[in-house]
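> Whatever this is, show me its structure:
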Amino acid sequence: MVMGVNDIAVLFTPKSEPEKISQLKVLTLWVYPNTKPSNKYRKSLAIFQSNNGKWALDKLHVFALLDTNGVLETPSFELLTINKENKDYISHASSLPVKTSNDLIILPTEAGIDTYVYWDKNTYKLFEPEEIP
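Numbering: from 1, shown residues only. Just a heads-up that it's a prediction; the model follows:
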């Protein structure tokens with residue numbers, strides 16, 4: 001997802017919060033008002049980010065995007081990606097709150113509104129557009 005770097009995104013279900021180490025950044029992106037935080041982790045997303053295409057352990061960075069709400073477990077869940085060479089890239093990227101030229105992870109919702117995980121030059125962010133009936 002980062003320009004010039006091939007990343008790998010995988011789904012996983014953590015048993016507990018991952019141990020904090022220098023190469024791992026733990027993020028909780030799916031936090032909603034009026035929902036009680038849970039200590040049970042649901043299906044989550046890990047992004048393995050190489051350093052300039054090098055996959056040696058000392059060059060690897062992992063971002064664990066933890067979910068306690070079950071967002072990634074809905075019946076219609078799909079994990080899609082779109083890169084900047086795709087003809088539909090601009091229509092997806094233009095809806096983000098920041099300008100980016102990096103690849104995007106698209107997470108369609110049951111309501112038919114795409115949500116996005118994107119790199120903002122420092123970390124991964126989640127963008128969920130307003131659901132307008």
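> contacts and neighbour counts: CA atoms only from here.
OK.
> Could you pull out the strands in this protein for me?
Taking DSSP state E, the strands of the chain run over residues 7-12, 24-28, 44-49, 61-66, 80-82, 104-107, 115-119, 124-127.
> between these, which gets nearest to Lys36?
strand 24-28 (13.9 Å; Cα to Cα).
> And for Leu80, nearest residue in space, chain neighbours not counted?
Leaving out its chain neighbours, the residue that sits closest to Leu80 by Cα to Cα, 6 or more residues apart in numbering is Ile106, at 4.9 Å.
> burial measure for that neighbour, as a count.
Residues lying near Ile106 (other Cα atoms under 10 Å) number 19.
> Okay, and the beta partners of the spatially most central residue of the chain?
Closest residue to the average C-alpha location of the chain: Val117 at 3.9 Å, with Cα atoms, centre = their mean. Beta-bridge partners for Val117, by DSSP bridges, are Ile105, Leu126.
> Wait, it touches Leu104, no?
Yes - here Val117 reaches Leu104: they are 6.1 Å apart, a contact under Cα atoms under 8 Å.
> picking that back up, now mean pLDDT and distance to Ala93 too, for the strands of the chain, in JSON lines please.
Putting these into JSON lines (pLDDT from 0 to 100; distance: least, Cα to Cα, whole Å) gives the following:
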{"stretch": "strand 7-12", "mean pLDDT": "89", "distance to Ala93": "18"}
{"stretch": "strand 24-28", "mean pLDDT": "91", "distance to Ala93": "22"}
{"stretch": "strand 44-49", "mean pLDDT": "91", "distance to Ala93": "19"}
{"stretch": "strand 61-66", "mean pLDDT": "91", "distance to Ala93": "20"}
{"stretch": "strand 80-82", "mean pLDDT": "87", "distance to Ala93": "9"}
{"stretch": "strand 104-107", "mean pLDDT": "89", "distance to Ala93": "8"}
{"stretch": "strand 115-119", "mean pLDDT": "91", "distance to Ala93": "9"}
{"stretch": "strand 124-127", "mean pLDDT": "92", "distance to Ala93": "11"}
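> got a markdown table for the ones you listed, with distance to His92 too?
Putting these into a markdown table (distance: least, Cα to Cα, whole Å) gives the following:
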| stretch | distance to His92 |
| --- | --- |
| strand 7-12 | 19 |
| strand 24-28 | 23 |
| strand 44-49 | 20 |
| strand 61-66 | 21 |
| strand 80-82 | 9 |
| strand 104-107 | 8 |
| strand 115-119 | 9 |
| strand 124-127 | 11 |
